[in-house]
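1. Predicted model and sequence follow; I will ask about them next.
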Amino acid sequence: MVPPCRAAHDAGARAGSTMKGDDLEDQGVSRTLPREQRGRLNFQHFMKNHYRVLTAVDENVGRLLDYLDKEGVAENTLLI
C-alpha cells in the first residue's frame, strides 16, 4: 500500500465504527467483525469504489475526445 493510502487506512482503522454509516454492509462488510478488521475492509471497499469511478470518468472523457476528433471539432473545443 502506498504511504498516503496507508495513512488513510490506519486512520480509518483507528476510527473503527465511530462514524455514523461507515460500514459497507451491502458490499459484504459484516458489523459482526472486530472493529479493526471492519475498518480495513471498509477502507478497501471504499478505495475499490473510488478507483471504479475514476476509471469510468477516464473512459468516458476518452470517448468524448474520440468523438470530437471524429467530428473534426476537437481543435475548436475547450473541455473544462
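-> In hand now; what should we look at? Numbering: from 1, shown residues only.

2. quick one, longest helix in the protein?
-> Counting by DSSP state H, the longest helix found in the chain is helix 35-71.

3. State the distance from the most centrally placed residue in the chain to residue 27.
-> By CA atoms, centre = their mean, the chain has its centre lying nearest to residue 50, at 0.8 Å. Computed with CB to CB, to the nearest Å, the distance linking residue 50 and residue 27 is 13 Å. Placement of C-beta: from N, CA and C, glycine included.

4. what's residue 29 in contact with, if anything?
-> Taking CB atoms under 8 Å, 6 or more residues apart in numbering, we find residue 29 in contact with 23, 38, 41, 42, 45.

5. out of everything not next to it in sequence, what's closest to it?
-> Leaving aside its sequence neighbours, residue 29 sits nearest to residue 41 (CB to CB, 6 or more residues apart in numbering; 4.6 Å).

6. check contacts around that neighbour.
-> By CB under 8 Å, 6+ apart, the contact set of residue 41 is 24, 28, 29, 33.
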